[in-house]
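Chemist: Sequence first, predicted coordinates after that:
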Amino acid sequence: MDIFVPVKLVPDLVEELEIDNSGTSLDRTFLRLMLNEFDEHAIQEAILLKNRIGGQVIVIAPDYDGVDDVLYTAVARGVDRVIKLNGDFEGDVNSHALARIIAAKLKKFDPDLVLTGVQAHDSLDGPVGALLSAELGIPYVGYVSKVRMSEGKCTVSKEYPGGLMAEMEVVLPAILGIQAAEEPPGYIAISKIRQAMKGATIEELDSDELNCSGGVTPSRMYQPEVGEKATMIDGEEDAIAERIVEVLKERGIF
């Protein structure tokens, strides 16, 4: 069984994000990128499946700055093949464009199962997994936290709002949006990553020209505006409760 895991790099939210002069995009001059957290869980779930049923795991990623380190780390985790898509991904690339490019390559590989991160914090036009489903014409189930394989199909556990869980049977080939791997991704020692760098080969494929149609076009980006500071209410509990009621009445809420 061939399990493909498309991944992407996203801005590190721990860093201070700057807006460029256009006012509609992030300034990427010193922007630090990291592997999308949900994509990391998708890699982990794929490796768990491989350990249970066999096959191989192939991770495919656009050529962002730092993607080689991400791919070598994936090999150190247990991924069998890593593929880098060469192209101009330095600007704002939406999910529609990524889905089209990745789908064009997956059609040639004819995968049995595709695992993606269920979402990314910079995807303004929807998750890549659902868009891949439309491009490839195969089923998609998102917010998956458990996968069980059987002959020609898989059974997945899907989470709904309110903590409700459902089990669905999906005929293969299929695409699953992974919310959380059954076992969380563990720490990978630097020594294992260096060993992967020496022994693994990153395959490279040229991408088609980017087509960003269908996505949203930001008209303005800005830092959250600073509002008035909170008013602290001091005193005994009864006095605080009375003051809260007064405030609610003044605002027309109560």
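Modeler: Here it is on my side, so go on.

Chemist: how about stretch 18-31: buried residues?
Modeler: By 16 or more other CB atoms under 10 Å, stretch 18-31 has no buried positions at all. Every residue, glycine included, has its C-beta placed from N, CA and C.

Chemist: can you give me the helices for the stretch 1-150 of the chain?
Modeler: Secondary structure of the stretch 1-150 of the chain (DSSP state H, counting those that start in this stretch): helices at 37-53, 67-77, 95-109, 128-136.

Chemist: What is the first one packed up against?
Modeler: Packing contacts for helix 37-53, counted by 3 or more CB pairs under 8 Å, 6 or more residues apart in numbering; DSSP states H and E, involve strand 2-6, strand 56-62, helix 67-77, strand 113-117, strand 140-150, strand 174-178.

Chemist: what mean pLDDT does that helix have?
Modeler: For helix 37-53, the mean pLDDT works out to 97.

Chemist: picking up where we left off before, looking at the helices of the stretch 1-150 of the chain, which is nearest to Ala181?
Modeler: helix 37-53 (3.8 Å; CB to CB).

Chemist: what's the angle from the closest one to strand 174-178?
Modeler: 120 degrees (axes from the mean of the first three to the mean of the last three CA atoms, to 10 degrees).

Chemist: Outside of helix 37-53 itself, list whatever touches it.
Modeler: 1, 3, 5-8, 55-57, 59, 74, 77-80, 113, 115-120, 147, 149, 177-185 (CB atoms under 8 Å, 6 or more residues apart in numbering).

Chemist: Quick one: buried ones out of these?
Modeler: Among the contacts of helix 37-53, the ones that count as buried (16+ other CB under 10 Å) are 3, 5-8, 55, 57, 59, 74, 77, 79-80, 113, 115-120, 147, 149, 177-181, 185.

Chemist: show me what contacts Glu169?
Modeler: Lys153, Cys154, Thr155.

Chemist: try it again with 7 Å
Modeler: Residues in contact with Glu169 (CB atoms under 7 Å, 6 or more residues apart in numbering) are Lys153, Thr155.

Chemist: Also the one 10 residues further on?
Modeler: By CB under 7 Å, 6+ apart, the contact list for Gln179 reads Phe38, Val118, Tyr143, Val144, Ser145, Glu159.

Chemist: And stretch 121-141, end to end?
Modeler: Stretch 121-141 has its terminal residues 19 Å apart, counting by CA to CA, to the nearest Å.

Chemist: try stretch 1-16
Modeler: Note: stretch 1-16 ends 42 Å apart using CA to CA.

Chemist: Met197 belongs to a helix?
Modeler: Yes: per DSSP: H, G, I helix; E, B strand; the rest coil, Met197 lies within a helix segment.

Chemist: For the helices of the stretch 1-150 of the chain, could you give me CSV that also reports distance to Gly214?
Modeler: Below are the helices of the stretch 1-150 of the chain laid out as CSV (distance: least, CB to CB, whole Å):
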stretch, distance to Gly214
helix 37-53, 21
helix 67-77, 24
helix 95-109, 4
helix 128-136, 8
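
Chemist: For Phe254, which of these is the nearest?
Modeler: helix 37-53 (39.8 Å).

Chemist: Please find the angle between the direction vectors of that closest one and strand 140-150.
Modeler: Using the same axes, to 10 degrees: helix 37-53 against strand 140-150 is 20 degrees.

Chemist: Appreciated, that's everything.
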